[in-house]
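K.L.:
Starting from these lines, generate the structure:
(chains A and B)
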2 protein chains.
Amino acid sequence: MNPVDLIIRRAYPYETEKRDRIYLALNENPFPFPEELTKEVFRRLDGDKMRIYYDSPDKELIEKILEYLDTDFLRENNVSIGNGADEIIYVMMIMFDRAVFFPPTYSCYRIFAKAVGAKYLEVPLTKDLKIPEIEVGEGDVVFIPNPNNPTGHIFEKEEIKKILKKGAFVALDEAYYEFHGESYIDLLKEYENLAIIRTFSKAFSLAAQRIGYVISSEKFIDAYNRVRLPFNVSYVSQTFAKVALEHIGIFKERIEYIVSERERMKKALKELNYSISDSRGNFVFIFMDKRERDRLVEQLRWKNIAVRSFREGVRITIGKREENETILKELEVFR
Amino acid sequence: MNPVDLIIRRAYPYETEKRDRIYLALNENPFPFPEELTKEVFRRLDGDKMRIYYDSPDKELIEKILEYLDTDFLRENNVSIGNGADEIIYVMMIMFDRAVFFPPTYSCYRIFAKAVGAKYLEVPLTKDLKIPEIEVGEGDVVFIPNPNNPTGHIFEKEEIKKILKKGAFVALDEAYYEFHGESYIDLLKEYENLAIIRTFSKAFSLAAQRIGYVISSEKFIDAYNRVRLPFNVSYVSQTFAKVALEHIGIFKERIEYIVSERERMKKALKELNYSISDSRGNFVFIFMDKRERDRLVEQLRWKNIAVRSFREGVRITIGKREENETILKELEVFR
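P.N.:
As a prediction, the model looks like this:
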């Protein structure tokens, strides 16, 4: 069969819910990127830089990321950037011999593995949401979101270490780090076979600008830089990221709001007797069987509310207070 | 050997010349992106779109590209976009079984093939710069820049057809199309195994914004969209592309300037008895043996002028008139 036909048979696109009145399907930040910061980005743009192949990453962005990480052991060569965290994941699928992940997990792991034709192994999390016993080793890259997507729960450091000790490479996907506040970045001091993936899409309201970053050993970063596109993140996107990091206070306040709404939602859902996970992301997760889930998603769709379905239940992004109230009322009626 | 070590051995980064007083190494447009258009982009941005996973491509951009292409046979599903033309090339390396290209050619074909671990075949152009006789077929993707990079010469339509008839897929890389003014896009009416690649980096002074597009059969575009990153081009970059296409007149004037400078340069170089190709890109190419080439590049570097070396000679980007004059004077002295 010719390659084009083969791809249409093998790979499938990432599909998203129709944009509705209340859109809580993609774990987007409910706050727009601050207008005064967009103005600052444009004030800073140099028209003559637009026409050139602008360094990706530029030194200044890496310095600001290092400052944000605030460690005493990471240097310039320990960090690189991606066209969203997605490009970093995609490139790692290309770099290693086999991808391993544990559903329920970020759906793009499977989508990208199929897209690039990578070998992959999916083993579900255990019933109590722990990483299962698996045989992995050199050549494998194990993708672990922490907080996990879609459940939002935290894996124990020992669970991660167990995989690291087996010699597999671990891609620890901390896309939702800011809503939890704790990172396993210190594991990098001990392990060379680890990369931490982060993004500006969630906490910094910059999903449309496509900027992620990766932190690892110098050697891994060197290899990553050889495999990714040389000019992978635009000049304007890098400028957005820099300006965001310079105004971290604005985003911290918003994160606090989202975290407090998440905790309020969790409490309310428990009181309504829903079975939920202990989410530390900007979303909550309700365990449901397929029939109940479909009924709920359908009811919400009638009210023009979009959420995301998983085999194990429903994930609801934390929105602004009135959006969360609306969905809570629906969940009350549904109960 | 572990995958990270293997990559460091196999793949190499795309290296660029140091930015100098006069930088004519990367075929960048000498004119900055117009400030009034950057202002227009900014005026049009919706802060609330920045926080979301914005459609890539958005319908409006595809419509504007179709309008620009101005054909009677292409529809929305015949076009997609990339994070620069580079992503389109990179993804095609992943899609097909083997990449084929003809040096001297765009250096990223080899770099990306090594990066993604694709099989590839390099066969040099014939002495008179024609496509060599090769055995290719289904499963192969043949990359042909037209105008060719770095020589800038045009391949005959019959040379392209010969490959198409063999059943290989042809990626016709028209990155420099606007400086030539003629496309082989009509071949798409006849052949399903063809994609035309274009970019906003050259004619539209938007290299730093990373926007390319690809035109092909519905089926190929569907397959490409499954393999590429789902959100591959940022909201702001797409807005830049749209605003550029709405003000095509500004760019046409600049293209005329560059083309007339190129013709002036070619004439002057001939008069100085340099052996040059008939370039239709925004650059000229001087054939030189290695020793002469190194001596020239070294001399130019002393004067803080950067150009690009190839095994077959030197490629010099067309700059603004005074830059072209400066380099011509150097070439006169060198002669």
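K.L.:
which secondary structure element contains residue A:197?
P.N.:
Assigned by DSSP states H and E, residue A:197 belongs to strand A:194-199.
K.L.:
For that strand, which residues meet the burial criterion?
P.N.:
By neighbour count on 16 or more other C-beta atoms under 10 Å in any protein chain shown, the buried set for strand A:194-199 is A:194-199. No exception for glycine: its C-beta is placed from N, CA and C like everyone else's.
K.L.:
Equivalent analysis for stretch A:169-186, please.
P.N.:
Neighbour-count burial for stretch A:169-186 flags A:169-180, A:183-185 (criterion: 16+ other C-beta under 10 Å).
K.L.:
Pull stretch A:239-253 out as CSV, backbone CA atoms only.
P.N.:
The C-alpha coordinates for stretch A:239-253 follow below in CSV (Å, rounded to 0.1, in the frame of the first residue of the first chain):
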residue,chain,number,x,y,z
THR,A,239,8.7,37.5,23.0
PHE,A,240,5.3,36.6,24.5
ALA,A,241,6.9,34.0,26.7
LYS,A,242,9.5,36.5,28.0
VAL,A,243,7.0,39.2,28.7
ALA,A,244,4.8,36.6,30.6
LEU,A,245,7.8,35.5,32.8
GLU,A,246,8.5,39.2,33.6
HIS,A,247,5.0,39.6,34.9
ILE,A,248,4.6,36.5,36.9
GLY,A,249,2.6,38.1,39.6
ILE,A,250,-0.5,38.6,37.4
PHE,A,251,-0.5,34.9,36.6
LYS,A,252,0.1,33.8,40.2
GLU,A,253,-3.1,35.5,41.2
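K.L.:
coming back round to it: farthest-separated two in the buried residues of stretch A:169-186?
P.N.:
Maximum pairwise distance among those (C-beta to C-beta): 25.7 Å, between A:169 and A:179.
K.L.:
ok so, going back, and the strand holding residue A:197 with chain B, contact?
P.N.:
No - using C-beta under 8 Å from any C-beta of the partner chain, strand A:194-199 never reaches chain B; the gap is at least 10.1 Å.
K.L.:
Give me the contacts around that strand.
P.N.:
A:84-85, A:88-89, A:92, A:164, A:169-175, A:177, A:183-185, A:187-188, A:211-217, A:220, A:224 (C-beta atoms under 8 Å, 6 or more residues apart in numbering or on different chains).
K.L.:
The same query, at a cut-off of 6 Å, please.
P.N.:
Residues outside strand A:194-199 that contact it (C-beta atoms under 6 Å, 6 or more residues apart in numbering or on different chains): A:85, A:88, A:170-175, A:185, A:187-188, A:212-216, A:220.
K.L.:
And the strands in the stretch 101-250 of chain A?
P.N.:
A:119-122, A:140-145, A:169-173, A:194-199, A:212-216 (DSSP state E, counting those that start in this stretch).
K.L.:
Can you redo the ones you listed as CSV, where the extra columns are distance to residue B:272 and mean pLDDT?
P.N.:
Formatted as CSV, the strands of the stretch 101-250 of chain A follow (distance: least, C-beta to C-beta, whole Å; pLDDT from 0 to 100):
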stretch, distance to residue B:272, mean pLDDT
strand A:119-122, 57, 98
strand A:140-145, 55, 98
strand A:169-173, 55, 98
strand A:194-199, 53, 98
strand A:212-216, 49, 98
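K.L.:
Now do the same for residue A:235: its pLDDT.
P.N.:
pLDDT for residue A:235: 98.
K.L.:
which one of the buried residues of strand A:194-199 is nearest chain B?
P.N.:
For the buried residues of strand A:194-199, the closest approach to chain B (C-beta to the nearest C-beta) belongs to residue A:195, at 10.1 Å.
K.L.:
Residue A:286 in helix, strand or coil?
P.N.:
strand (DSSP: H, G, I helix; E, B strand; the rest coil).
K.L.:
Would you check that it makes contact with residue A:276?
P.N.:
Yes - with contact defined as C-beta atoms under 6 Å, residue A:286 counts as touching residue A:276 (5.5 Å).
K.L.:
Low-confidence ranges, the stretch 101-250 of chain A, go.
P.N.:
Applying pLDDT under 70 to the stretch 101-250 of chain A flags no residue at all.
K.L.:
Next to chain B, which bits of it? Give me the list.
P.N.:
With C-beta under 6 Å from any C-beta of the partner chain as the criterion, the stretch 101-250 of chain A meets chain B at residues A:115-116, A:138-139, A:205, A:207-210, A:219-220, A:223, A:225-227, A:229-230, A:234-237.
K.L.:
Just the ones in helices from the residues you listed, please.
P.N.:
A:115-116, A:219-220, A:223, A:225-227, A:235-237 (DSSP state H).
K.L.:
For the nearest residue to residue A:231 once chain neighbours are set aside, list the residues it contacts.
P.N.:
Closest residue to residue A:231 apart from its sequence neighbours, by C-beta to C-beta, 6 or more residues apart in numbering or on different chains: residue A:56 at 5.0 Å. With contact taken as C-beta under 6 Å, 6+ apart, residue A:56 is in contact with A:231-233.
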